[in-house]
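**Q** Provide a 3D model corresponding to the input given below.
(one chain, ligands or ions: 1)
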Amino acid sequence: MQVLDGKALAETIKDELKAEVDAIRQAAGKIPHLAAVLVGEDPASQVYVRNKVRACEQVGFRSSLVRRPATITQTELLDVVRELNEDPDVDGFIVQLPLPGHLDEEAVNLAIDPRKDVDGFTPDNVGRMTLGLDCYLPATPNGIMIMLERYGVETSGKEVVVLGRSNIVGTPMTILLSRKANPGNATVTICHSRTKDVAAHCRRADILVAAIGIPEMVTADMVKEGAVIIDVGINRVEDSSRSRGYRLAGDVDYAGVKDKVSAITPVPGGVGPMTIVSLMMNTLQASKAK
Ligand SMILES: Nc1nc(=O)c2c([nH]1)NC[C@@H]1CN(c3ccc(C(=O)N[C@@H](CCC(=O)O)C(=O)O)cc3)C=[N+]21
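**A** Below you'll find the model as predicted:
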């Protein structure tokens, strides 16, 4: 069984990015600049954004963290987005999700200038991805594609099952995996809350991508012998034996499936770090485009 070590691969790619950033800085005096908007105090979001800022430092980017209280109004948040759209010093930015309940995520997303949308969430970028045009690819699905490519996981002609149909992971994952490209050319099934027999679909999968947010939902009886498992879930599970009071669990029962599969991503240290690296790649692309 091979552990698909996203953390190690992310470090390798960040070294490559840093070399490119250094060269650009010397040749053109330009430094890529990523801004992140963080609304409220969601503990997981704070960790993710902190990791993004740290990654920016590692590759030699400039980063700005725009923090706003959970009480911000929709109008005020749209003003923040507009300012970032118009700021010539900012190459790309993200608005960390989820937003507090009173805010309209869709309206915020629609307000982002597609040229600065390094998350790849705006209709312009989603449409361009679907048509196979140049665009910013969404960070988590693209991070997974890079992982499959660098670890030499064959996708062509394979049966892939994606659990979850979110706009940011499940749905774009199906598009990238089924497109005529390498990696790609897979036969993809998407499962969701209305799917009749999820386990039966999973058992057919050569590659299983779990992105549903239910801790350890995928158990050994649901996976095919020798399958490749991509675990996107990062769930905080109460654990009084830990000093922080919780442990991280994926959507897959790692201990239960690891002896049955050919390769699997750990949580943490799997898809998460790859998500951050693809955000860095998009930001470099944004800075080159200007
Ligand atoms: N606008 C927006 N863009 C995103 O890309 C976005 C988002 N909103 N909202 C939430 C999800 C999730 N996400 C992660 C980023 C880093 C880790 C990460 O660093 N994970 C580490 C550590 C995890 C931990 O310690 O909690 C790991 O898996 O090893 C995970 C998940 C980005 N997302």
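**Q** what helix or strand does residue 146 sit in?
**A** Secondary structure assignment for residue 146, by DSSP states H and E: helix 139-150.
**Q** Near the closest residue to residue 251 other than its chain neighbours, how many other residues are there?
**A** If the residues on either side of it in the chain are set aside, residue 251 comes closest to residue 233, at 3.1 Å by Cβ to Cβ, 6 or more residues apart in numbering. Every residue, glycine included, has its C-beta placed from N, CA and C. Residue 233 is flanked by 24 other residues according to other Cβ atoms under 10 Å.
**Q** Point out the residues in the stretch 51-200 of the chain that sit beside the ligand.
**A** Residues of the stretch 51-200 of the chain lying close to the ligand by Cβ under 6 Å from any ligand atom are 51, 94-97, 119, 139.
**Q** Can you list which of the residues you listed are found in helices?
**A** Counting by DSSP state H, the part of those found in helices is 51, 139.
**Q** Only the buried subset of the residues of the stretch 51-200 of the chain next to the ligand, as a ChimeraX command please.
**A** Buried residues among those (16 or more other Cβ atoms under 10 Å), as a ChimeraX selection:
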select :94,95,96,97,119,139
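**Q** Now the two most distant members of the residues of the stretch 51-200 of the chain next to the ligand.
**A** Within those, 51 and 95 form the most distant pair, 16.5 Å apart (Cβ to Cβ).
**Q** Using JSON lines, lay out the residues of the stretch 51-200 of the chain next to the ligand together with pLDDT.
**A** Putting these into JSON lines (pLDDT from 0 to 100) gives the following:
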{"residue": "51", "pLDDT": "97"}
{"residue": "94", "pLDDT": "98"}
{"residue": "95", "pLDDT": "98"}
{"residue": "96", "pLDDT": "98"}
{"residue": "97", "pLDDT": "97"}
{"residue": "119", "pLDDT": "98"}
{"residue": "139", "pLDDT": "98"}
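**Q** Leaving out chain neighbours, which residue sits closest to residue 177?
**A** Nearest non-adjacent residue to residue 177, counting by Cβ to Cβ, 6+ apart: residue 186, 4.5 Å away.
**Q** got it, and residue 168?
**A** residue 138 (5.9 Å).
**Q** Next up, the contacts around that neighbour.
**A** Applying Cβ atoms under 8 Å, 6 or more residues apart in numbering to residue 138 gives the contacts 119-121, 125-126, 129, 168-169, 172.
**Q** Recalculate using a threshold of 7 Å.
**A** Residue 138 makes contact with 119-121, 168, 172, according to Cβ atoms under 7 Å, 6 or more residues apart in numbering.
**Q** surely the residue nearest to residue 251 meets residue 253?
**A** No: the pair residue 233 / residue 253 is not scored as a contact, 10.9 Å apart, by Cβ atoms under 7 Å.
**Q** got the contact list for the closest residue to residue 227 other than its chain neighbours?
**A** Leaving aside its sequence neighbours, residue 227 sits nearest to residue 261 (Cβ to Cβ, 6+ apart; 5.1 Å). Residues near residue 261 by Cβ under 7 Å, 6+ apart: 1, 223, 226-229.
**Q** can you check residue 223 too?
**A** Counted by Cβ under 7 Å, 6+ apart, residue 223 has contacts 202-203, 208, 229, 257, 260-261.
**Q** who wins for neighbours among these?
**A** Counting by other Cβ under 10 Å, residue 208 has the largest number of neighbours within those, with 29 neighbours.
**Q** What separation is there between that one and residue 160?
**A** As for residue 208, its distance to residue 160 is 8 Å (criterion: Cβ to Cβ, to the nearest Å).
**Q** Residue 251 now?
**A** Distance check for residue 251 against residue 160: by Cβ to Cβ, it reads 16 Å.
**Q** Compare the two and say which one has the larger neighbour count.
**A** Taking neighbours as other Cβ under 10 Å, residue 251 and residue 160 compare with residue 251 leading, 26 against 22.
**Q** Please tell me how far the more buried one sits from the ligand.
**A** According to Cβ to the nearest ligand atom, to the nearest Å, residue 251 and the ligand sit 12 Å apart.
**Q** For that residue, list the residues it contacts.
**A** By Cβ under 7 Å, 6+ apart, the residues touching residue 251 are 210-215, 217-218, 231-233.
**Q** residue ranges for the strands of the chain, please.
**A** For the chain, applying DSSP state E gives strands covering 2-3, 33-39, 62-68, 92-95, 159-163, 187-191, 207-210, 228-231, 235-238, 246-249, 263-264.
**Q** Does the residue nearest to residue 177 touch residue 155 like I think?
**A** Yes: under the criterion of Cβ under 7 Å, residue 186 makes contact with residue 155 at 4.6 Å.
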